[in-house]
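In: Take this sequence and fold it.
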Amino acid sequence: GALEALGLFEACDRIVGKDHLLKRTIILLKAWAKNEAHILGAKEGMLSSFCLRTIVLFIFNAFHERIQNPIQGLYQVFAYLEDFPWPELALGIYGPLCIRDLPGYTSSSNSESSWPQGKRPLFDPELIRQYSIFSRPHSQTHEPDMKHATLYHAAYRRTG
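Out: I've put the predicted structure just below:
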């Protein structure tokens, strides 16, 4: 789990480039979430650091051409999540997922929160599979479980 996630973030950071723009945006979002919004802290039932990093990966995957510095990345996160329907959808690297269909991974394609039309992902699905915990030999016989397969949305619990 953790080593695969680290490898994935490193690989994505190399793809984005721009003097570690992905990492700098993650650091800025985490600082805001912890010090301003007070929504970071999985142990306290709030968002996990991994959750925030996944959100940033999605934002870069979908809107990379709009982001030249960490402030623009933070703005894209806020703009995208402003009206995100947390009660119905979760968010993964390739966009929103219908919660009622999890763990079936049905993407949401009929809402404002859907993947941007006409946009190609920055991160190749093969790259994601390469760092998946399910790519390990001992994982082949196990069914994916909700703990590893979805992005939970503690923010809704906090504001809902």
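In: what are the ranges of the helices in the protein?
Out: Remark: helices assigned in the chain by DSSP state H are 2-16, 21-35, 49-63, 70-81, 125-130, 146-149, 154-159.
In: Show me which positions of the second one end up buried.
Out: Applying a neighbour-count criterion of 16 or more other Cβ atoms under 10 Å, one finds 21-26, 28-30, 32-34 buried in helix 21-35. For every residue, glycine as well, the C-beta is placed using N, CA and C.
In: Could you say which of the helices of the chain is packed most deeply?
Out: Stretch with highest mean neighbour count among those: helix 49-63 (a mean of 21; mean count of other Cβ atoms under 10 Å).
In: how near is the residue positioned nearest the centre of the chain to residue 26?
Out: Closest to where the C-alpha atoms of the chain average out (Cα atoms, centre = their mean) is residue 54, at 2.1 Å. Separation of residue 54 from residue 26 (Cβ to Cβ, to the nearest Å): 10 Å.
In: contacting residues for residue 73?
Out: 21, 24-25, 28-29, 56, 59-60, 67 (Cβ atoms under 8 Å, 6 or more residues apart in numbering).
In: Looking at the residues you listed, which is nearest residue 81?
Out: Distance ranking of the contacts of residue 73 against residue 81, using Cβ to Cβ, places residue 59 first at 9.0 Å.
In: Leaving out the residues flanking it, which one is nearest to the closest one?
Out: Of all residues not flanking residue 59 in the chain, residue 76 sits nearest, at 4.9 Å (Cβ to Cβ, 6 or more residues apart in numbering).
In: And the pLDDT at the one you found?
Out: Looking at residue 76, its pLDDT stands at 97.
In: again, but for residue 112
Out: Residue 112 is assigned 54 on the pLDDT scale.
In: Flag the shaky bits of this protein, pLDDT-wise.
Out: 1, 103-115, 133-160 (pLDDT under 70).
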